[in-house]
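Engineer: what follows is a predicted protein model with its sequence.
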Amino acid sequence: MADSRDPASDQLKFWKEQRTTQKPDALTTGAGHPIGDKLNIMTLGPRGPLLVQDVVFTDEMAHFDRERIPERVVHAKGAGAFGYFEVTHDITKYCKAKVFEHVGKRTPIAVRFSTVGKSVFLLECYSCTLFGFIYNLISRNLY
C-alpha cells in the first residue's frame, strides 16, 4: 500500500484482514449467557406445548412484550379552506344569531378537516372516522 493513499480508503481492507484472525462473536441472552440455537423452541414432543424452561424463548418474548408502542400523532393529516357561508332559508324562528338574520347574507368562514390518530384507549371502529372538524364563522357580533 502506498503512503500517499488516504487511510479511510483502506479501512474496509484493514477490517477484513483483522476479522479473519478473530473468532466470530457469540450470540447471547440479555443476561450474557451464550445461545446455542435461536431458531428452534423447546416443546414437549413434536407438536406439544412450549416449555417454560426454554430460557432463550422466554427472554425473547419478555423483550418483545415490553416494547414500547408509541402513540400516533394527533391531527397528522388534514386540510383547510376559507370561503363564505350564505343563508339560503329563513331560520330566524330557530336561531337568533345575526349570522342567520336574513336570506342571502354572506359571512366569511374558515374550515379545517383533520384525521385523528387512533389512541390506545379508543375502540378499533373509531380509527376510520373523521374526528377533527372545526369551523369558524368570522363575524363581529354573533348575537
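Structural biologist: Here it is on my side, so go on.
Engineer: in the protein, which spans are helices?
Structural biologist: 11-21, 55-65 (DSSP state H).
Engineer: how many neighbours does Phe100 have?
Structural biologist: 19 (other CB atoms under 10 Å). C-beta coordinates here come from the backbone N, C-alpha and C atoms, glycine included.
Engineer: test my guess that it contacts Thr92.
Structural biologist: Yes. Shown here, Phe100 and Thr92 form a contact pair, counting by CB atoms under 8 Å, at 6.8 Å.
Engineer: just the pLDDT for Gly80.
Structural biologist: With respect to pLDDT, Gly80 scores 85.
Engineer: hmm, Ala79 is touching Phe113, no?
Structural biologist: Yes. Between Ala79 and Phe113 there is a contact at 5.4 Å, judged by CB under 8 Å.
Engineer: residue contacts, Tyr135?
Structural biologist: By CB atoms under 8 Å, 6 or more residues apart in numbering, the contact set of Tyr135 is 109-112.
Engineer: between Ala79 and Phe113, which has more neighbouring residues?
Structural biologist: More crowded of Ala79 and Phe113, by other CB under 10 Å: Phe113, with 15 against 9.
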